[in-house]
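>>> A structural model of the following input is requested.
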Amino acid sequence: MDMPHDHSHGANRRVLLISFFIITGYMLVEAVGGWLTNSLALLSDAGHMLSDSISLGVAVLAFSLGRKTANYSKTYGYKRFEILAAIFNGVTLILISAYIFYEAFQRFMDPPEVASGGMLVIAAMGLVVNVIVAWILMRGGDTEGNLNIRAAFLHVMGDLLGSIGAIAAALLIIFFGWGLADPLASVIVAVLIIISGWRVTKDAIHVLMEGTPVGVDVEHIVNVMQADARIIDIHDLHMWSITSGQNAMSCHVTVDGGMTIKESGELLHELERRLGDEGIGHVTIQVEGESHPHDEALMCRLDESVHEAHD
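Coordinates of the predicted model:
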């Protein structure tokens with residue numbers, strides 16, 4: 001069951017690495033261009049691309065660390081690094097948006113001269129670069145199921161919108177001489193970026209708080225289990241995500257105290273199969289009798305079998 005995840009894991013890491021090199025290269029071009037043209041729209045987009053570059057690097061590191069095997073110190077391995085990277089990405093989106101708001105306010109008060117022609121050329125090139133990176137992430141990465149990839153994708157989409165805003169601002173300056181278009185475009189993009197950053201951060205914190213996995217209906221899962229006539233009751237149920245796409249569940253199920261060890265094993269196997277079909281890949285179920293967990297027949301027989309084995 002781990003092979004598809006490992007394959008997806010490798011594909012996600014590969015597209016992030018490719019995107020990292022493309023974004024970092026063009027970020028340098030846009031930063032120099034924004035400085036030469038005195039365009040806040042370009043400089044804010046370059047700053048966002050810098051955060052993209054850092055965030056993509058952190059995301060690649062998280063995937064690399066996430067592949068480390070579990071040990072006695074980290075029994076689930078290091079896969080939660082991906083979630084930590086998603087939080088880092090989400091928070092940087094929010095902080096960069098706040099900085100753009102601040103710079104835009106300054107420019108509204110005192111609009112500077114902007115070299116709109118150079119701004120237009122560099123923004124258009126940035127749009128092409130961001131479209132290519134967004135396409136790479138969408139085609140090769142899991143932008144829906146993996147929070148880390150989704151955070152990186154939203155960073156790139158923010159850049160793409162930034163490039164569109166810079167192009168629109170450059171055109172307004174060229175044809176209408178409207179200097180306020182530059183900071184206005186930055187504010188519009190910053191609003192979109194901060195919304196994306198908040199959503200990613202909120203979803204990542206939900207995983208760290210071991211909330212119910214997104215897209216999993218607890219009531220439906222309980223009904224799936226209770227559909228088995230051998231189960232009398234279900235309690236102490238917990239569901240959480242280890243990392244994006246890896247859901248886990250633990251619970252106690254009450255059965256007839258006369259159930260044999262073989263029958264309980266068959267029940268557990270059937271439940272694991274059903275829950276696996278529902279997207280729960282890691283399942284821990286404790287079987288209990290009706291009277292008391294320590295007094296029911298199944299536990300007694302387990303103890304007897306251990307004693308017989310030693311004898």
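
>>> pLDDT weak spots in the stretch 51-200 of the chain?
For the stretch 51-200 of the chain, the stretches with pLDDT under 70 are 51, 66-70, 141-145, 148.

>>> quick one, helices of it?
81-109, 116-140, 147-176, 181-208 (DSSP state H, counting those that start in this stretch).

>>> first-to-last residue distance for stretch 272-289?
Taking CA to CA, to the nearest Å, stretch 272-289 runs 19 Å from one end to the other.

>>> and that stretch, which residues are buried?
Residues of stretch 272-289 classed as buried: E272, R274, L275, I280, G281, H282, V283, I285, V287, E288, G289 (neighbour count, 16 or more other CB atoms under 10 Å). (Each C-beta comes from the backbone N, C-alpha and C, glycine too.)

>>> please flag which of these sit within helices.
E272, R274, L275 (DSSP state H).

>>> circling back: show me which pair in the buried residues of stretch 272-289 is furthest apart.
G281 and G289 (28.0 Å; CB to CB).

>>> could you point out which element follows the helix or strand containing I221?
Applying DSSP states H and E as the criterion places I221 in helix 218-226. Sequence order places strand 231-243 as the next helix or strand after helix 218-226, per DSSP H and E.

>>> and that next one with helix 147-176, angle?
Counting by axes from the mean of the first three to the mean of the last three CA atoms, to 10 degrees, strand 231-243 points 50 degrees away from the direction of helix 147-176.

>>> can you list contacts of whichever helix or strand comes after strand 231-243?
Using DSSP H and E, the helix or strand that directly follows strand 231-243 along the chain is strand 246-255. Residues outside strand 246-255 that contact it (CB atoms under 8 Å, 6 or more residues apart in numbering): 5, 79, 213, 216, 221, 225, 230-242, 264, 267, 271, 275, 279-290, 293, 298.

>>> repeat for stretch 192-203
48, 86-87, 89-94, 96-98, 100, 147, 150-151, 154, 157-158, 161-162, 214.

>>> what pLDDT, on average, does the longest helix along the chain get?
Criterion DSSP H: the longest helix present in the chain is helix 3-37. If you average the pLDDT over helix 3-37, you get 75.

>>> do stretch 255-272 as well
86.

>>> and that stretch, what's buried?
By 16+ other CB under 10 Å, the buried positions in stretch 255-272 come out as V255, G257, M259, S264, L267, L268, L271, E272.

>>> distance of the last one relative to V224?
In this case it means E272. 12 Å (CB to CB, to the nearest Å).

>>> thinking again about what came up before, give me the lowest-pLDDT entry from the buried residues of stretch 272-289.
For the buried residues of stretch 272-289, the pLDDT minimum is G289, 79.

>>> hang on, it packs against D256?
Yes: when contacts are counted by CB atoms under 8 Å, G289 is listed as touching D256 (7.3 Å).

>>> hmm, who's touching stretch 13-27?
46, 49-50, 52-53, 56-57, 59-60, 63-64, 125-126, 129, 132-133, 136-137, 139-141, 149, 152, 156, 159.

>>> can you select the buried ones from the residues you listed in PyMOL?
To isolate the buried members of the contacts of stretch 13-27 in PyMOL, using 16+ other CB under 10 Å:
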select buried, resi 46+49+50+52+53+56+57+59+60+63+126+129+133+136+137+140+141+149+152+156+159
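
>>> in contact with E263, which residues?
Counting by CB under 8 Å, 6+ apart, E263 makes contact with R230.

>>> give me the distance between it and A46.
Using CB to CB, one obtains 65 Å as the distance from E263 to A46.

>>> try S244
S244 is 29 Å from A46, by CB to CB.

>>> look up the closest residue to A11, ignoring the ones flanking it.
Leaving aside its sequence neighbours, A11 sits nearest to G140 (CB to CB, 6 or more residues apart in numbering; 5.6 Å).

>>> quick test: name the residue nearest the centre of this structure.
Centroid-nearest residue in the chain, with CA atoms, centre = their mean: L147, separated by 0.7 Å.

>>> report how many residues lie close to the closest residue to H206 other than its chain neighbours.
Among residues not flanking H206 along the chain, V214 sits closest, at 7.4 Å (CB to CB, 6+ apart). Using other CB atoms under 10 Å, V214 is surrounded by 13 other residues.
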